[in-house]
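Colleague: any chance you could fold what I've pasted below:
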Amino acid sequence: MDVKALAAVVPPATSLFSRQKVLQEKRIRVRYGEVEENQIKINPQLASQLGITDTAVLVVAGKKRFTMNVIIDEDVPMDIVIANPQLMKDNGVADNSIATIRKS
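Modeller: Below is the predicted model:
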């Protein structure tokens, strides 16, 4: 056996432990806007960071939890989520509230 051939197969130690951190959740602001009742608009960068494709969980104050369909919109700022005002008011969520968003 050739030692150099074996060493070429084994990856370097730095590549074994260099895993990128993937965000599980992020704190954002919920703003009122023109969307359907069970939908939210989010920024494409935020969606890619969290791995969100079609649905997301929005948690407000640790108590109110919403599973909503996602619309990806480049016009939405990075730390903002646009939600239906009537749904949010009916559930006691004020405009510009802080919430946590995560992939469902």
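Colleague: roughly how far apart are K4 and Q86?
Modeller: Distance, K4 to Q86, using Cβ to Cβ, to the nearest Å: 69 Å. The way it works is simple: take the backbone N, C-alpha and C, and place the C-beta from them, glycine included.
Colleague: do L58 as well
Modeller: 15 Å.
Colleague: ends of stretch 76-87, what's the gap?
Modeller: From its first residue to its last, stretch 76-87 covers 19 Å (Cα to Cα, to the nearest Å).
Colleague: give the contact list for the residue positioned nearest the centre of the chain.
Modeller: The centroid of the chain falls nearest to L50 when counting by Cα atoms, centre = their mean (3.7 Å). For L50, the contact set (Cβ atoms under 8 Å, 6 or more residues apart in numbering) comprises L23, Q24, E25, K26, A56, I101, R102, K103.
Colleague: ok, of those, which come out buried?
Modeller: A56, I101, K103 (16 or more other Cβ atoms under 10 Å).
Colleague: pretty sure A56 belongs to a helix, no?
Modeller: No - if the criterion is DSSP: H, G, I helix; E, B strand; the rest coil, then A56 is strand and not within a helix.
Colleague: any idea of the mean pLDDT in the helix or strand encompassing A47?
Modeller: Using DSSP states H and E, A47 sits within helix 44-50. For helix 44-50, the mean per-residue pLDDT is 93.
Colleague: how distant is that helix from the center of its chain?
Modeller: Chain-centre distance of helix 44-50: 6 Å, with Cα atoms, centre = their mean, to the nearest Å.
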